[in-house]
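*Asks:* Give me the fold of what follows.
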Amino acid sequence: MELNDANLQTLTEFLRKTLDPDPAVRRPAEKFLESVEGNQNYPLLLLTMLEKSQDQVIRVCAAVTFKNYIKRNWRIVEDEPNKVSDADRTAIKANIVNLMLSSPEQIQKQLSDAISIIGREDFPQKWPDLLTEMVNRFRSGDFHIINGVLRTAHSLFKRYRHEFKSNELWTEIKLVLDTFALPLTELFKATIELCQTHATDVNALKVLFSSLTLISKLFYSLNFQDLPEFFEDNMETWMTNFHGLLTLDNKLLQTNDEEEAGLLELLKSQICDNAALYAQKYDEEFQPYLPRFVTAIWNLLVSTGQEVKYDLLVSNAIQFLASVCERPHYKHLFEDQNTLTSICEKVIVPNMEFRSADEEAFEDNSEEYIRRDLEGSDIDTRRRAACDLVRGLCKFFEGPVTAIFSGYVNSMLGEYAKSPGQNWKHKDAAIYLVTSLASKAQTQKHGITQANELVDLNEFFVNHILSDLKSPNVNEFPVLKADAIKYVMIFRSQLPKEQLLQAVPLLISHLQAESTVEHTYAAHALERLFTMRGPNNSTLITPAEMAPFTEQLLNNLFKALALPGSEENEYIMKAIMRSFSLLQDVIVPYIPTLIGQLTHKLLLVSKNPSKPHFNHYLFESLCLSVRITCKANPTTVSSFEEALFPVFTEILQNDVQEFLPYVFQVMSLLLEIHSNSIPSSYMALFPHLLQPVLWERTGNIPPLVRLLQAYLEKGGASIASSAADKIPGLLGVFQKLIASKANDHQGFYLINSIIEYMPTESITQYRKQIYILLFQRLQGSKTTKFIKSFLVFINLYCVKYGAIALQEMFDSIQPKMFGMVLEKIIIPEVQKVSGPVEKKICAVGITKILTECPSMMDTEYTKLWTPLLQALIGFFELPEDDSIPDDEHFIDIEDTPGYQTAFSQLAFAGKKEHDPIGDAVGNPKILLAQSLHKLSTACPGRVPSMLSTSLNADALQFLQGYLQAATVQLV
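*Replies:* As a prediction, the model looks like this:
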């Protein structure tokens, strides 16, 4: 694509169409952009647009498109084409910093993100001058530019907070510190001085305070891995100024907004974080400063109001206290009973209260409320911080803290009892306090696993929780109902089974509650209870115990999906999946009705897939319906196909990328249930599955390979007779997969099925080419994973077509090739093969080479006979060799970049392990003994003499054991 006005005009038009709400206009425009993004100059055209376009909307759209393009394509993945030309890479890096610094803020943010994505791949080796270019801009004195630099530095360095330690990381951080630490410190001091100079100019202060917040974030990132020498030497400068900023109160920066945190709050919250980092990780060096920070942060907590805008500040301040009180050598600061009482009274209890803002979120923004309360993304909520502080204090002062709070809990419950309608929030806070006091350790799978001995959870459940669950009006006091449900859920491992069984029907009735939070919690609690394991690893709650409630459970779950706001509620869908999984064949009579509801839901969400978890559980539920029903009666598979195929056809025709991997998995499951023939509806689809565009997307590869394997297994012969022209396409897929290090194993799955199921004559003409491709790949890049798959393939070939065919095939490619493969690959590498079926295939294949291949007995290959036998006995008796050379680190398929849907394995579409040899060979060791006996009777004397001259003593002893077990001997 040339850099000219015509192309700029075209791109502008298409970008405008991608903003159109009508999918008929938007989709083709998105497809067009996707089709041209591989062209040289495409990213430079976007940059030109975002710099020069007169239309602000187009500029922002170009910036977002550019950032997403970089996100998808910048990383260079081994085995895959480089998606951004070298010329474009160089031009982007030469211009992007300038462009970012001169753009308006909205565009600056997008470009800053793009720089950090490029930096993650290229900095420092391939972009050495990035930092100096950025640091030089500090001298500009223009804070629009300085803040652009700081924002970019922040997005570039914040990964230091969660990277694993490595020499590479240390080298990079050292380079950054050498270039950046001093200018950052100078900028910090200069900015603080400017704040004093402009103390009365509100606009100047806003810019300066956003700089100080970014500088404080950078301080956190650069100090996270270890305490750098530079910062240790300059601790006085940083800590004194941080302390000064914490205690600063500038009236001009106070906002009237109750919701949105102002600059002052954001800066102070970050400083609390920085102080907590030093208190936790560098407590010795930080000791001289700690008392004044504790005092400043305590005063801050006691004087800050309950408004939402202070939430982040208060939660970070409490987290600071929590991290300090857990450290043994700050214990003395908290020992005094008055101090503990004061913390409980002034900090913990007020921040556990359910505020009107929480009530609003509960009613109007339930999704966010659930995310924070249930999934633990409530890191910055006051309640979560107060709860962490309770846990921190309990580490050393469990007795006194429990005693202080028991008083509060009782008085709160007393207030509630006086007037439930007015004082329900008191009970809510009491339940929250009990929960935070009681829980010491918790996991996603089991809920609370370790509890405070001083709190009687069962008694609290009977006296205060059960009454809310039993209340006949499920819509009264929804917050308390949600609290009660959550209590059952998190203490499920602590409560006795009879209490849980008593709760189940109550939870089922709460699925009908109007409150989204309440019915979501009920679904989640049921789902968690159904996963609990009892003795002997069966589920704690059995299908028989669920029998009286099954119909109501299924009814209420599906009705809950129709409640406003829960049409795509992932917790309800997950509960449906888990109920199917628990109840198994109990659900068979209900499936005809339910499958209609599930497919209807699938049709609706496929129009615009937006909830990946919901969609995943929906497909899992479909798989379970198919599995459970067809297990009882395999002929019902056709009724599932009638229900599902129309929706699947629509998904395939509209190319709903997120759903294709799922559709292929469900189709595999359906096809595998058929007895040995392929219905015509599947055959019609077969040519479409070989289209190259489907194989471009990594997420499609595993399920598509499995689907093709199902086609081959059920109808190898009918493909050979009615679709023989498609065999080259099938082998083309194999060729593409085998060339990729990430997907070569999938290529072998496919070729193994072709060898196993296709009629011999249909692939005779292609066999040699298959081997040539494999040898080319072996020469190009030989990895352990490839070798293991290659060994299984050649041994499967040998089992299927015989050892002579294998030897003749190799020697037809190149004379003496068979000997080279034995010597260089089979003998040294077979120990690496893993997996019971794979090992069996290799053992049977090698046995055939040893005993059914005449050229092993009387040509130059004979010298390899004993080493091969030795390798086979080692394969039986020695531990598997699972070592991998240092230079091989396979990229994880899930880790490839870009927006393509990664492959999501459906647990309930799982494939049974297939053994191509089956019962024909029970024990390969016995087979070896019997085959050697047969060989020795054909040429008496040869085998014992070969064994006695060159087989080592241990191997000989094992072999004697096999012969005895098979009750045969060598002659």
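*Asks:* For this protein, which segments are assigned as strands?
*Replies:* 439-443, 447-451 (DSSP state E).
*Asks:* pLDDT (mean, whole number) over the first one?
*Replies:* What that stands for is strand 439-443. For strand 439-443, the mean per-residue pLDDT is 69.
*Asks:* repeat for the last one
*Replies:* Strand 447-451 shows a mean pLDDT of 72.
*Asks:* May I have that strand as CSV, with CA atoms only?
*Replies:* Output for strand 447-451, consisting of C-alpha atoms alone and laid out as CSV, is shown next (Å, rounded to 0.1, in the frame of the first residue of the first chain):
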residue,chain,number,x,y,z
GLY,A,447,-14.0,-21.9,50.4
ILE,A,448,-12.7,-21.2,54.0
THR,A,449,-10.3,-24.0,54.8
GLN,A,450,-9.0,-22.7,58.2
ALA,A,451,-11.2,-20.9,60.7
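*Asks:* That one: which residues count as buried?
*Replies:* When burial is assessed from 16 or more other Cβ atoms under 10 Å, strand 447-451 yields the following buried residues: 447-448, 451. The way it works is simple: take the backbone N, C-alpha and C, and place the C-beta from them, glycine included.
*Asks:* In this structure residue 868 contacts residue 830, no?
*Replies:* No - counting by Cβ atoms under 8 Å, residue 868 stays clear of residue 830, with 9.1 Å between them.
*Asks:* Common neighbours of these two, please.
*Replies:* residue 846 (Cβ atoms under 8 Å, 6 or more residues apart in numbering).
*Asks:* Comparing those two, which residue is more hemmed in?
*Replies:* Each of residue 868 and residue 830 has its neighbours counted (other Cβ atoms under 10 Å); residue 830 has more, 23 against 19.
*Asks:* ok, now how distant is that one from residue 783?
*Replies:* The spacing between residue 830 and residue 783, counted by Cβ to Cβ, to the nearest Å, is 16 Å.
*Asks:* how close does the residue nearest to residue 767 when sequence neighbours are not counted sit to residue 752?
*Replies:* Residue nearest to residue 767 in three dimensions, not counting chain neighbours: residue 809, with 6.5 Å by Cβ to Cβ, 6 or more residues apart in numbering. Relative to residue 752, residue 809 is positioned 16 Å away (criterion: Cβ to Cβ).
*Asks:* swap in residue 241?
*Replies:* As it turns out, when the distance is counted by Cβ to Cβ, residue 241 lies 67 Å from residue 752.
*Asks:* What residues does the nearest residue to residue 160 once chain neighbours are set aside make contact with?
*Replies:* Here the nearest residue to residue 160 in space, its sequence neighbours aside, is residue 221; by Cβ to Cβ, 6+ apart that works out to 5.0 Å. Applying Cβ under 8 Å, 6+ apart, one finds that residue 221 lies in contact with 154, 157-158, 160-161.
*Asks:* Please name the nearest non-neighbouring residue to residue 502.
*Replies:* Excluding the flanking residues, the one nearest residue 502 by Cβ to Cβ, 6+ apart is residue 466, at 7.6 Å.
*Asks:* what's the answer for residue 169, then?
*Replies:* Nearest in space to residue 169, with sequence neighbours left out and distances taken as Cβ to Cβ, 6+ apart, is residue 163 at 5.4 Å.
*Asks:* what about that neighbour, how many neighbours?
*Replies:* Using other Cβ under 10 Å, the number of residues around residue 163 comes to 13.
*Asks:* One more: the one 10 residues further on?
*Replies:* As a burial measure, residue 173 scores 20 neighbours (other Cβ under 10 Å).
*Asks:* which ones are touching it?
*Replies:* With contacts defined as Cβ under 8 Å, 6+ apart, the neighbours of residue 173 are 160, 222, 225, 228.
*Asks:* Which of those sits closest to residue 583?
*Replies:* residue 160 (48.9 Å; Cβ to Cβ).
*Asks:* Sounds good, over and out.
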